[in-house]
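Asker: Sequence and predicted structure are below.
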Amino acid sequence: MKRLILILIAFFVIVVLKAQTDFRPGYVLKSEKDTLFGEVDYQNDISLSKICSYRASSTDTVHHYYPGQIFGFRFNDSKFFISKMVDGNDVFLEFLIKGKFNVYYLKKGIDSHYFFDKENVPLTELPYSEGVKMENNVKYSYASTNHIGLLTYYMQDAPKLADEIQSIKKPDHKNLIKLATDYHYVVCDGEKCITYEKKIPAFKINPEMVGGLFLANISNPDNQLNLFQFGVVGHVWMPRVDERYYFKTGLIFLSAPGTGIISPFTKIPFQFEYQYPKGIFRPRIGFGLNFYNFYIVNMFSTLTASPGCMLKLSKNIYLTLNYDFELAINYNAIMPLDRFSTEPIFSKFTDSLYGGLYFSF
């Protein structure tokens, strides 16, 4: 019952964290000439395509605007969204570059969609698809090339860009912004284009050095075996997906000196993690699997919930505190007393309490 309560609490925490707001300096354009300065709630690209939450200051009421109600909104020196109609529905498209060839972006589920317009050309989606298809009972991977023909047609007044267009195998932020910039300066003299895209990496790895206790509940309820754990964890940040979510993995060693158990053992986490992005004190929580390797041949895995927190020490360094509670999946494989034993010595649940230093570059 205790473990069930802890799991429910962890689930509640991640739901609450997901609902947290992240207001950043920005403004709302009620029309092209009517601007409201203040703060805009920074969410993932899917959410920002559907709603803009604005407040004049931290003490003022939050107002919600939907596509079609306003011209657009922007975060200061960062992302700019503009209201457009796509497939009969109003949406906020991210405005990537403004010039003689405007480019827009829309995130739908796991798919990325790109659009463009230019003088005398209405908003047009740049088609692209990829996947696997079956022909004569054989699977083939495919990637469409329709976008190349479309770009070639609408940029025919800049023939020197033909090779660059042909090189775009899959449309993305980087290659479309570069192409639109090159096109602008080929067909336009003097006037500059404006790039609104926020410069962020495709991914980044933030390392964390960790150390602490692994509390192994022995099958005998009167005993508990405390192991020391230490290692390095990498938090893989993919801001194109969501700036607050990470993939967490690494290599952690567990040592049991003085117990008669051969050590060290290894633990490899595979978890998805949420980190609250603001403030000196930042809660975080992860869910996923931990994989254990004992004596090379004995392996088992656990379903893991990992609530924790980060305390900001400087611009790039955080002190962390973490607590893992784990439910064994393949319980019969749980670590035996020695490599020749088949009797598991751990109960179905284990706990870890550990701290660390987290580096964000």
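Answerer: Yep, that arrived. From a predicted model like this one, the values you see are computed outputs, not experimental measurements.
Asker: Might you report the residue contacts of Ile168?
Answerer: Neighbour list for Ile168: 147-148, 151, 175-176, 179 [criterion: CB atoms under 8 Å, 6 or more residues apart in numbering]. Yep, even glycine has a C-beta here, placed from its N, CA and C like the rest.
Asker: That one - that's part of a strand, no?
Answerer: No: going by DSSP: H, G, I helix; E, B strand; the rest coil, the assignment for Ile168 is coil, not a strand.
Asker: Need phi/psi at it.
Answerer: phi -80, psi 90 (degrees, to the nearest 10).
Asker: got any ranges where this structure has weak pLDDT?
Answerer: 1-19, 216-225, 256-264, 294-298, 330-349 (pLDDT under 70).
Asker: domains for it, by residue range?
Answerer: With domains defined by automatic domain parsing, the chain comprises 22-195, 204-359.
Asker: Endpoints of the first one, how far apart?
Answerer: Spelled out, it's domain 22-195. This stretch, domain 22-195, spans 24 Å end to end (CA to CA, to the nearest Å).
Asker: Equivalent analysis for the last one, please.
Answerer: With CA to CA applied, domain 204-359 spans 11 Å between its terminal residues.
Asker: so what's Met155 up against?
Answerer: Counted by CB under 8 Å, 6+ apart, Met155 has contacts 101, 161, 165, 179, 183.
Asker: Quick check: the residue nearest to Pro127 when sequence neighbours are not counted vs Glu125, distance?
Answerer: Using CB to CB, 6 or more residues apart in numbering and skipping the chain neighbours, the partner closest in space to Pro127 is Asn146 (4.5 Å). Distance, Asn146 to Glu125, using CB to CB, to the nearest Å: 10 Å.
Asker: Give me the more crowded residue out of these two.
Answerer: Under the criterion of other CB atoms under 10 Å, the comparison of Asn146 against Glu125 puts Glu125 first, with 15 against 11.
Asker: ok, what's across the strand from the more buried one?
Answerer: Applying DSSP bridges to Glu125 gives these bridge partners: Phe115.
Asker: Who are the contact partners of Lys84?
Answerer: 67, 90-93, 104, 115, 123.
Asker: The helix or strand harbouring Thr266 packs against which elements?
Answerer: Thr266 belongs to strand 265-275 when elements are defined using DSSP states H and E. Contacts defined by 3 or more CB pairs under 8 Å, 6 or more residues apart in numbering; DSSP states H and E place strand 265-275 against helix 2-18, strand 224-237, strand 245-255, strand 281-294, strand 298-312.
Asker: How far does that strand sit from its chain's centre?
Answerer: 15 Å (CA atoms, centre = their mean, to the nearest Å).
Asker: Could you report the neighbour count for Lys199?
Answerer: Neighbours of Lys199 (other CB under 10 Å): 8.
Asker: how would you label it: helix, strand or coil?
Answerer: coil.
Asker: any idea how far it lies from Leu96?
Answerer: 12 Å.
Asker: just Glu208 next, same as before
Answerer: Separation of Glu208 from Leu96 (CB to CB) stands at 33 Å.
Asker: Pull the contacting residues for the residue nearest to Pro239 when sequence neighbours are not counted.
Answerer: Leaving aside its chain neighbours, Pro239 sits nearest to Ile200 (4.6 Å; criterion: CB to CB, 6+ apart). Ile200 makes contact with 239-240, 243, according to CB under 8 Å, 6+ apart.
Asker: In these, which residue is surrounded by the most others?
Answerer: So for the contacts of Ile200 (other CB under 10 Å), the most neighbours sit at Glu243, 18 neighbours.
Asker: Which secondary structure state does the residue nearest to it when sequence neighbours are not counted sit in?
Answerer: Leaving aside its chain neighbours, Glu243 sits nearest to Pro277 (6.5 Å; criterion: CB to CB, 6+ apart). For Pro277, the secondary structure call by three-state DSSP comes out as coil.
Asker: Was I right to think Pro277 contacts Arg244?
Answerer: Yes: assessed by CB atoms under 8 Å, Pro277 is found in contact with Arg244 at 5.5 Å.
Asker: For the two, list the residues in contact with both.
Answerer: Contacts common to Pro277 and Arg244, judged by CB under 8 Å, 6+ apart, are Asp22.
Asker: of those two, who's got more company?
Answerer: Taking neighbours as other CB under 10 Å, Pro277 and Arg244 compare with Arg244 leading, 21 against 13.
Asker: Quick check: the more buried one vs Lys133, distance?
Answerer: Counting by CB to CB, the gap from Arg244 to Lys133 is 36 Å.
Asker: try Ile168
Answerer: Ile168 is 22 Å from Lys133, by CB to CB.
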